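# sequence first, predicted model second:
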Amino acid sequence: MFKKHNNDYKKKTNNSSGNHNKGSYQGHHARKNFGQNFLRDQQVIANIINLIAPGDQETVVEIGPGLGALTEPVCEIIKHLNVIEIDRDLAYRLRHHPFIRDQLTIYEQDALTMDFSKLKEEDKNLKIYGNLPYNISTPLLFHLFEYSDVIADMTFMLQKEVVDRLVAGPDSGDYGKLTIMAQYFAKIVPCLEVPPEAFTPSPKVYSAVVKVIPHKSKPYVARDYDLLEQIVSSAFNQRRKTIHNSLENFFTDQIFNELDIDPKMRAENLSIEQYVNLANYLAEHRE
Ligand code: SAM
């Protein structure tokens, strides 16, 4: 499913010390609480830039530019880039960057509070990318899904485990609320696996790059999205129970049968379409 990254990365890194975890990197001490793992492998960086495929016909946004590993090569391709960086020191460095500072609009803030619809320019598609801070990647994805109508595509580096959950199908342990909500809004394409050594400091786990492409028209439409979220949360909060039990506050077996859904199934056995049908049944019958 993934393109495996060629392991010959050590020769291509821009820090030859071989020690990826001690001290500062490019004069910056990595902050764990901001999920700072800086990309150092030039081949991985080049592959990601190809996947982002930035262009001047789009409004481009980077989440967490950090020390500029992706920012600098993107600025070689396009004239203007929006970046969102929470770390004051890193935002300062970008404001004073010798080559690209004039190309950047810097939002020094938490990406979780960003109103992405404000960034979209008329007649331009919104393209978002980032090597995301792992500690907030799931809430950030949920936040971004709220803007899926105005986003053309997103390219993200995530923990591989999160990517596995994003692309999972029913009947598997990885299939959960994140899977259903992500696939409700978007097509998810896993692109590249990245080893820990591609970063400084090295994370403990593998990472992966994924493309998230919001559906132009959704395959299944929930009349009330909040209701869909509630039903999916209730089912997966008790994923070992049958939906007869976990969803008993919402549905009787008679309703399950009406919708052609076996009440003996567990949360992970239901398709996205079935969850949407359940949510729409409730929405219709309470109106
Ligand atoms: N893009 C750089 C790279 O690839 O080397 C840095 C990636 S690092 C994994 C994550 C970046 O996101 C850091 O620069 C960090 O300060 C920033 N960050 C962390 N939490 C953030 C938040 N809530 N909003 C915006 N930026 C955040």
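Nice, thanks for sending it over. Numbers count the residues shown, from 1 in each chain.
# low-confidence regions, the stretch 101-250 of the chain specifically.
Low-confidence regions of the stretch 101-250 of the chain, defined by pLDDT under 70, are absent; no residue qualifies.
# am I right that Ser172 sits in a strand?
No: counting by DSSP: H, G, I helix; E, B strand; the rest coil, Ser172 falls outside a strand, being coil.
# ok, it touching Glu268?
Yes: proximity of Ser172 to Glu268 meets the contact threshold set by CB atoms under 8 Å, at 6.7 Å. Placement of C-beta: from N, CA and C, glycine included.
# neighbour count: the two, which is higher?
In terms of neighbours (other CB atoms under 10 Å), Glu268 is the more surrounded of Ser172 and Glu268; the figures are 19 against 12.
# how about that one, secondary structure?
helix.
# could you list the domains of the protein?
24-214, 225-286 (automatic domain parsing).
# near the ligand, which residues of the protein? Just list them.
Taking CB under 6 Å from any ligand atom as the test, the list of the chain residues beside the ligand reads 34-39, 63-67, 69-70, 84-87, 90, 110-112, 131, 133, 136.
# ok, Asp123 - how many residues close by?
Using other CB under 10 Å, Asp123 has 7 neighbouring residues.
# who touches stretch 230-237?
176-177, 180-181, 243, 246-247, 249-250, 267-268, 270, 275, 278-279, 282 (CB atoms under 8 Å, 6 or more residues apart in numbering).
# separation between the residue of the stretch 1-150 of the chain found nearest the ligand and Leu192?
Per CB to the nearest ligand atom, Gly64 is where the stretch 1-150 of the chain lies closest to the ligand, at 2.2 Å. Between Gly64 and Leu192 the computed distance is 18 Å (CB to CB, to the nearest Å).
# for those two, indicate the residue with more neighbours.
Here Gly64 and Leu192 are compared on neighbour count by other CB under 10 Å; more neighbours surround Gly64, at 24 against 20.
# wait, what's in contact with that one?
With contact taken as CB under 8 Å, 6+ apart, Gly64 is in contact with 35, 84-86, 111, 130-133.
# how deep is Met114 tucked in, by neighbour count?
Going by other CB under 10 Å, the residues that sit close to Met114 add up to 20.
# hmm, I was thinking of Glu273
Using other CB under 10 Å, Glu273 has 10 neighbouring residues.
# can you classify it by secondary structure?
Taking three-state DSSP, the label given to Glu273 is helix.
# returning to that earlier point: most surrounded residue in the contacts of Gly64?
Counting neighbours by other CB under 10 Å, the top entry in these is Asn131, with 29 neighbours.
# pull the contacting residues for it.
Remark: with contacts taken as CB under 8 Å, 6+ apart, Asn131 is in contact with 37, 39, 48, 64, 66, 69-70, 156-157.
# again, only this time at 6 Å
When contacts are counted by CB atoms under 6 Å, 6 or more residues apart in numbering, Asn131 touches 39, 157.
# now it: how far from Ser24?
Taking CB to CB as the measure, Asn131 and Ser24 are separated by 18 Å.
# retrieve the pLDDT associated with Gly27.
Note on Gly27: pLDDT of 87.
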